[in-house]
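**Q** just to be clear, the model below is a prediction. Sequence and coordinates:
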Amino acid sequence: MPIQQLPSHLINQIAAGEVVERPASVVKELVENSLDAGAQAVQVDVVAGGQKLIRIRDDGKGIDKAELALALSRHATSKISSLDDLEAVASLGFRGEALPSIASVARLTICSRAQDGGSAWQVEADGGHTSNPAPAAHPQGTTVEVHDLFYNTPARRRFLRTERTEFGHIEKWIRRLALSRPEIAFTLTHNQRTVLQLVAAKDEETQLQRIAKICGDAFGEQCVYVEREVEGIALSGWIGLPTFNRSQPDLQYWFVNGRSVTDKTLSHAVRHAYRDVLFHGRYPAYVLNLTMDPTGVDANAHPAKHEVRFRDGRRVHGVVAQTVEVALGNTRPGGHDVTPIPMTRDAVFNQGAIPLSTRPAPTAVRETLAAYRSMATAPSLADVPEDAREVPPLGFAVAQLAGVYILAENKDGLVIIDMHAAHERITYEKLKQSYDDRDLVRQPLLVPEAVAVAESEANLVEESGGALEKLGLVVDRSGPTTLTVREVPALLRNADVESLLRDVLADISESGQSSRVEAASDELLSTMACHHSVRANRLLSLDEMNALLREMEATERADQCNHGRPTWTAITMAELDRLFLRGR
């Protein structure tokens, strides 16, 4: 065919293919418009999974009569007006394609009353034709009704799933949007049945209640709040304790300047922070908000605005990773108000040794126990006058059970400690500290190892400057597609050098940095700590047990062992009373 100008209606339907994937896409675009309009309450009514009706009502600023018809034109928006605005997008929507794209594949009605407007006005769009504004009855705000989605594009309608599946996608997006804007009330109904009703959350306590309602009570009870601002980058939200983890990354929510996104840089930063408190194959849970100058974020990087690009991704990565890591450092007895819970049943652990053989001898168990004996030990709880008691978080040891668990009493009730897991974490943190305090020592290879790579990877080594040397790797390019490894970190001299180099190059190619060497070193130290910790059936005196408890309270990440298992849990007196039916 010769080149020809497409008719406007066909152009709109092509655009609709990008904007309107399914009913959930319509809900997302329209609710984002409501949020941009300053709404404090949003109601979403859905019939038949959104195929028959989607109605969005808000109490925002509304639309003037003169702008109603214009709102249904392509690339008509009140959110940007210049290239400078596009480079610093502060709103959720900005392209001006949502309403005309929806109107091209459905019957659309908009009824709105502008702020301080005398009356409301309504327009209807069907098959590319828009009616003139007509008077209507409506409070301040806007209601958008979408009837018979894809009625004029039956091929696309056939790609929709069942009513239940399509509504599930809608509910998922409403939950995401509700997490991003806790100060706004949301109501969701399906087939005239209320599915979700969330009141506005104005403070930290009510925000946590909303998070628990959306993410589950278990997460609400097992998460800690983080908040930090560094050089114009602010991070806030809730992260799950390491002992609350998932088999899939299904409870991970990121919001950048209020926009729900998926981003590799952000996900990698959190994964890095959790690297030595979760077992391999487990995923952390979190709801995190990143706020920064909009000029540092490209919100126009994805057709559906699901992804963003950062101008300085490395700095963002560093702020996120460090903030979460510091928060996780406080996951020790007394470091927070949450008591760890045991791991879920689907956790499967393999605590076998890793294929790294260098094992510098750490402090022997008997020497550690001797140090415990020399420490100032606390008396038992019964020996402390009640009016002078300053009971530490883990209390005081009272017994050892089956040579495995320490039983202690604190002010709330019974504390149960896995002595091997606890000592393993203490030993691991001491080993890490001892190696962190030293300068990185490199070990020359007796026989330098040649590694065949792609030409792009060889170029990357030359372009990365001193990045590899900072990791303890001395690598030369010895041919167009050949690299020669001459030195490695001394701790990893018996590791698989080729696999380590390939993994490091893959990380640098993707995100500009790598934590593979650090992770491999930590894994080796973790194995050393496991092999040199107090074993089961080792009888400890009360003084030794109390010394172990005091060390746990002073050790970062002591709530879980190196494999991510909890090291302690507690049973309150109230729980014990309920168990034995006391007071009934």
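**A** Received, thanks.
**Q** report whether residue 254 is found in a strand, as I expect.
**A** Yes. Judged by DSSP: H, G, I helix; E, B strand; the rest coil, residue 254 forms part of a strand.
**Q** list the contacts for it?
**A** When contacts are counted by Cβ atoms under 8 Å, 6 or more residues apart in numbering, residue 254 touches 260, 261, 262, 263, 266, 267, 288, 290. C-beta coordinates here come from the backbone N, C-alpha and C atoms, glycine included.
**Q** how near is it to residue 290?
**A** 7 Å (Cβ to Cβ, to the nearest Å).
**Q** got any residues that touch both of the two?
**A** residue 266.
**Q** how about the nearest residue to residue 481, chain neighbours excluded?
**A** residue 455 (5.3 Å; Cβ to Cβ, 6 or more residues apart in numbering).
**Q** give me phi/psi at that neighbour?
**A** When read as degrees, to the nearest 10, the backbone of residue 455 gives phi -60, psi -40.
**Q** how many neighbours does it have?
**A** 10 (other Cβ atoms under 10 Å).
**Q** so it makes contact with residue 480?
**A** Yes. In this structure, residue 455 is within contact of residue 480 by Cβ atoms under 8 Å, at 5.8 Å.
**Q** so where's this protein uncertain?
**A** 303-304, 341-389, 436-440, 465, 511-513, 531-532, 584 (pLDDT under 70).
**Q** tell me which stretches of the stretch 1-150 of the chain form strands.
**A** Assigned by DSSP state E, counting those that start in this stretch, the strands in the stretch 1-150 of the chain fall at 41-47, 53-58, 107-113, 120-126, 129-130, 134-136, 141-147.
**Q** note down every partner strand of the fifth one and its orientation.
**A** According to DSSP bridges, strand 129-130 has the following sheet partners: strand 120-126 (antiparallel).
**Q** report the angle between the partner strand and strand 141-147.
**A** Relative orientation of strand 120-126 and strand 141-147, computed by axes from the mean of the first three to the mean of the last three Cα atoms, to 10 degrees: 20 degrees.
**Q** just how off-centre is strand 120-126 within its chain?
**A** In terms of Cα atoms, centre = their mean, to the nearest Å, the centre of strand 120-126 is set 41 Å apart from its chain centre.
**Q** returning to that earlier point: between the strands of the stretch 1-150 of the chain, which one is nearest to residue 564?
**A** Each of these has some distance to residue 564 by Cβ to Cβ; the shortest is strand 41-47, at 38.2 Å.
**Q** what's stretch 290-298 in contact with?
**A** By Cβ under 8 Å, 6+ apart, stretch 290-298 touches 87-90, 232-236, 254-257, 266, 308-312, 316, 320.
**Q** mark which of the residues you listed are buried, thanks.
**A** Listed as buried from those are 89-90, 233, 235-236, 254-257, 266, 308, 310, 316, 320; burial here means 16 or more other Cβ atoms under 10 Å.
**Q** with distance to residue 177 as new columns, can those residues be given to me in JSON lines?
**A** Compiled in JSON lines, the buried ones among the contacts of stretch 290-298 are given as follows (distance: Cβ to Cβ, whole Å):
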{"residue": "89", "distance to residue 177": "17"}
{"residue": "90", "distance to residue 177": "17"}
{"residue": "233", "distance to residue 177": "23"}
{"residue": "235", "distance to residue 177": "20"}
{"residue": "236", "distance to residue 177": "18"}
{"residue": "254", "distance to residue 177": "13"}
{"residue": "255", "distance to residue 177": "10"}
{"residue": "256", "distance to residue 177": "14"}
{"residue": "257", "distance to residue 177": "14"}
{"residue": "266", "distance to residue 177": "18"}
{"residue": "308", "distance to residue 177": "16"}
{"residue": "310", "distance to residue 177": "22"}
{"residue": "316", "distance to residue 177": "23"}
{"residue": "320", "distance to residue 177": "22"}
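**Q** for those residues, which one is nearest residue 97?
**A** residue 89 (14.4 Å).
**Q** how about the nearest residue to the closest one once chain neighbours are set aside, what does it touch?
**A** Excluding the flanking residues, the one nearest residue 89 by Cβ to Cβ, 6+ apart is residue 299, at 4.5 Å. If a contact means Cβ under 8 Å, 6+ apart, then residue 299 has 89, 94, 257, 259, 305, 308 as its contacts.
**Q** just the closest of these to residue 53, please.
**A** Once Cβ to Cβ is applied, the member of the contacts of residue 299 that ends up nearest residue 53 is residue 305, at 24.8 Å.
**Q** re earlier: quick check, nearest of the buried ones among the contacts of stretch 290-298 to residue 155?
**A** residue 308 (32.1 Å).
**Q** make TSV from the contacts of residue 299 and add distance to residue 136 to it.
**A** Listed next are the contacts of residue 299 as TSV, based on distance: Cβ to Cβ, whole Å:
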residue	distance to residue 136
89	32
94	28
257	34
259	32
305	31
308	38
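**Q** can you tell me the closest non-neighbouring residue to residue 27?
**A** residue 170 (5.0 Å).
**Q** can you list the residue ranges for helices in the stretch 1-150 of the chain?
**A** Applying DSSP state H, counting those that start in this stretch to the stretch 1-150 of the chain gives helices spanning 8-19, 23-36, 65-68, 83-86, 98-103.
**Q** of these, which is nearest residue 521?
**A** helix 23-36 (43.3 Å).
**Q** quick one, the closest one and strand 41-47 angle?
**A** Using the same axes, to 10 degrees: helix 23-36 against strand 41-47 is 160 degrees.
**Q** who's in contact with helix 23-36?
**A** Taking Cβ under 8 Å, 6+ apart as the rule, helix 23-36 contacts 19-20, 42, 44, 46, 49-51, 54, 56, 58, 60, 79, 91-93, 98-99, 102, 106, 142, 144, 146, 149, 160, 166-167, 169-170, 172-174, 177, 181, 184, 258, 304.
**Q** how about stretch 326-337?
**A** By Cβ under 8 Å, 6+ apart, stretch 326-337 touches 224, 226, 228, 239, 241-242, 273-274, 277, 340, 392-394, 549, 552-560, 568.
**Q** what's the span of that stretch from first residue to last?
**A** Terminal residues of stretch 326-337 lie 16 Å apart, using Cα to Cα, to the nearest Å.
**Q** returning to that earlier point: doesn't the residue nearest to residue 27 fall inside a helix?
**A** Yes. Checked against three-state DSSP, residue 170 lies within a helix.
**Q** is it in contact with residue 49, as I believe?
**A** Yes. The criterion here is Cβ under 8 Å, and residue 170 meets it with residue 49 at 7.5 Å.
**Q** which one of the strands of the stretch 1-150 of the chain lies closest to residue 579?
**A** strand 41-47 (43.4 Å).
**Q** from the contact counts, what lies against that closest one?
**A** helix 23-36, strand 53-58, helix 163-180, strand 185-190 (3 or more Cβ pairs under 8 Å, 6 or more residues apart in numbering; DSSP states H and E).
**Q** among these, which is the most enclosed?
**A** helix 23-36 (a mean of 24; mean count of other Cβ atoms under 10 Å).
**Q** could you tell me the angle between that one and strand 53-58?
**A** Using the same axes, to 10 degrees: helix 23-36 against strand 53-58 is 10 degrees.
**Q** off-centre distance for helix 23-36?
**A** That offset, for helix 23-36, works out to 23 Å (Cα atoms, centre = their mean).
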